[in-house]
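Q: what follows is a predicted structure for the sequence shown.
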Amino acid sequence: MNLVVIGAQWGDEGKGKIVDYLAGESDAVVRFSGGANAGHTIVAGGERFALHLIPSGILYKDKVVILGSCMVIDPKALFEEIAMLESKGVSVSGRVFISDRAHIVLPQYIKTDKEQDAKRKLPIGTTGRGIGITFSKKSERSGVRIADLDWNEMLEELTEEDRVFLLSYKNRLRDMAVNITSYLSRKKNARILFEGAQGALLDLDCGTYPYVSSGISSAAGASAGGGLGPRALDKVLGVFKAYSTRVGAGPFPTEFKENQESEDSLCSYIRETGREYGVTTGRPRRCGYLDLVALRHACRANSIDSLVMTHLDVYDELPEIKACVSYDINGETTEDFPASIPALNAAQANLKTFPGWKKDISGASSFENLPREAKDYIKFIEEYCETPVGVISIGPDRKQTFLREKIWS
Ligand code: IMP
């Protein structure tokens, strides 16, 4: 079975924790997109791991992980991550493979990414990891893939600095290379977990362009990055937080307003309780109400079969909760998520209020155990999004997760 997990908002929804949880019952994990711009924090056995490139399945000692074809890989970041895992007792030898079609991030691209974003009239606020430049080199057909490491004529086109950099990693990268299409085609009866990066609203096509990442973070990326056709994908899970966050620039219709005292203090509460700081850049994340208009757009555009709700416990102390059910844009009300940036910037969120539960739910072990108010909030989300909430996470630990359906079937 091929199970896809994507972010259904602007990234940082808690995918890493969910993939780590589901990986226990998988045979292999394929990370299909993005690069070292992503950041996952996983707490396992009381130890906290911050991962950027390597799928979180690596923490199970018998799992194989593969970096897919639509990833862009910075070898320096990759081998630093491997060294970090080994220093914490995680053996990676023979368990990490890279699609030979994945592109490589070169030092020159990282410099250009930072310079280019700083020069833009409307900066994107990139992570500065060279992601957009590597993807534009790929589209321009002057990128370097893992499969190109022995293609001397092509390497001669690079700057001296980039060539020396690449050659220093060549043997180690070549040892990890795999033909992902042929590898996965031979695993038809296995349980393969396809892990996305960022989120649907940061996808180049489905998201808030140009305030997006440059990769394919929608469910379609699992097919492209896994080297398989779309009919090979059996199920799509979309992870979302009980509220919304965004890092970097771009429209965010439900963002808490700093000039309104009540929303400003709600923002600080959510940011501190939910630990809303970037794993990759340390930037404080922008926070806001759950945006159901945006979430339903993500469900529809990605054929999400089931939603995975995370951070529900962050609401434990609040007397009431609000979620956006429509936008007013220049005098018109809509429940559809627009493509236009001026329209999104003008959108006024219409909020529905739900009573809070004012109880600690971090020890709940099933949906039935949740307070009635929390169950009602979840049921409303399911109806609005026309999608069931099949998994609920109520804290950072693996154990603080419960299923409402069989995932691997
Ligand atoms: P880039 O991917 O570094 O080019 O950044 C483009 C935009 O995507 C910026 O707004 C980043 O903050 C955002 N972004 C990239 N990766 C992530 C992520 O993993 N989580 C949240 N935002 C991200």
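A: Structure's in. What do you need? Numbers count the residues shown, from 1 in each chain.

Q: now stretch 143-153: mean pLDDT?
A: Regarding stretch 143-153, the rounded mean pLDDT is 96.

Q: show me which positions of it end up buried.
A: 143-146, 148-149 (16 or more other CB atoms under 10 Å). Glycine gets a C-beta too; all of them are placed from N, C-alpha and C.

Q: likewise stretch 340-347?
A: Buried, per 16+ other CB under 10 Å, within stretch 340-347: 343-344, 346-347.

Q: then stretch 247-266?
A: Here stretch 247-266 shows 247-256, 263, 266 as buried, counting by 16+ other CB under 10 Å.

Q: just the residues you listed that are near the ligand?
A: Restricting those to those touching the ligand (CB under 6 Å from any ligand atom) yields 247-248.

Q: nearest to the ligand among the buried residues of stretch 247-266?
A: Nearest to the ligand, judged by CB to the nearest ligand atom, of these is Gly248 at 2.2 Å.

Q: OK, contacts around the nearest residue to that closest one once chain neighbours are set aside?
A: Sequence neighbours aside, Gly125 is the residue nearest to Gly248 in space, at 3.1 Å (criterion: CB to CB, 6 or more residues apart in numbering). Residues in contact with Gly125 (CB atoms under 8 Å, 6 or more residues apart in numbering) are 117, 247-250.

Q: up against the ligand, what does the chain have?
A: 11-12, 37-39, 124-127, 129, 131-132, 197-198, 202, 213-214, 247-248.

Q: narrow those to those that are buried.
A: 11-12, 37-39, 124, 126-127, 129, 131-132, 197-198, 202, 213-214, 247-248.

Q: do you know how far the most far-flung residue of the chain relative to its centre is from the ligand?
A: For the chain, the residue at maximal distance from the C-alpha centroid (CA atoms, centre = their mean) is Glu153, at 36.0 Å. According to CB to the nearest ligand atom, to the nearest Å, Glu153 and the ligand sit 30 Å apart.

Q: how many neighbouring residues does Thr134 have?
A: When neighbours are counted by other CB atoms under 10 Å, Thr134 registers 26.

Q: Tyr377 too?
A: Applying other CB under 10 Å, we find 24 residues neighbouring Tyr377.

Q: list phi and psi for the nearest residue to it once chain neighbours are set aside.
A: In space, Tyr377 comes closest to Phe354 once its chain neighbours are excluded; the distance is 4.9 Å by CB to CB, 6+ apart. The phi/psi pair for Phe354 (degrees, to the nearest 10) reads phi -120, psi 140.

Q: likewise for Cys70?
A: phi -90, psi 10.

Q: what sits against Ile329?
A: So Ile329 contacts 338, 343, 346-348 (CB under 8 Å, 6+ apart).

Q: again with Lys359
A: With CB under 8 Å, 6+ apart, Lys359 has these contacts: 316, 371.

Q: start the count at 535 instead of 1 going forward.
A: OK, 535 is where the count begins now, so the last one is Lys893.

Q: look at it and give its secondary structure.
A: Classification of Lys893 by DSSP: H, G, I helix; E, B strand; the rest coil places it in coil.

Q: do the same with the one 3 residues further on
A: Reducing the assignment to helix, strand or coil with three-state DSSP, the entry for Ser896 is coil.

Q: how many residues are close by it?
A: 13.

Q: tell me how far it lies from the ligand.
A: From Ser896 across to the ligand, the span is 24 Å (CB to the nearest ligand atom).

Q: ok, that residue touching Gln934?
A: Yes - between Ser896 and Gln934 a contact is recorded at 6.2 Å, counting by CB atoms under 8 Å.

Q: joint contacts of the two?
A: 847, 928.

Q: now do the buried residues in stretch 881-894.
A: 881, 883, 885-886, 888, 890-891.

Q: now do stretch 830-841
A: 830-833, 835-841.

Q: of the residues you listed, which is the nearest to Met535?
A: Asp839 (12.2 Å; CB to CB).

Q: for the residue nearest to Asp608 when sequence neighbours are not counted, give me its contacts.
A: Distances taken as CB to CB, 6+ apart place Val639 nearest to Asp608, at 4.0 Å, with adjacent residues excluded. Neighbour list for Val639: 569-570, 606-609, 611, 663-665, 668 [criterion: CB under 8 Å, 6+ apart].
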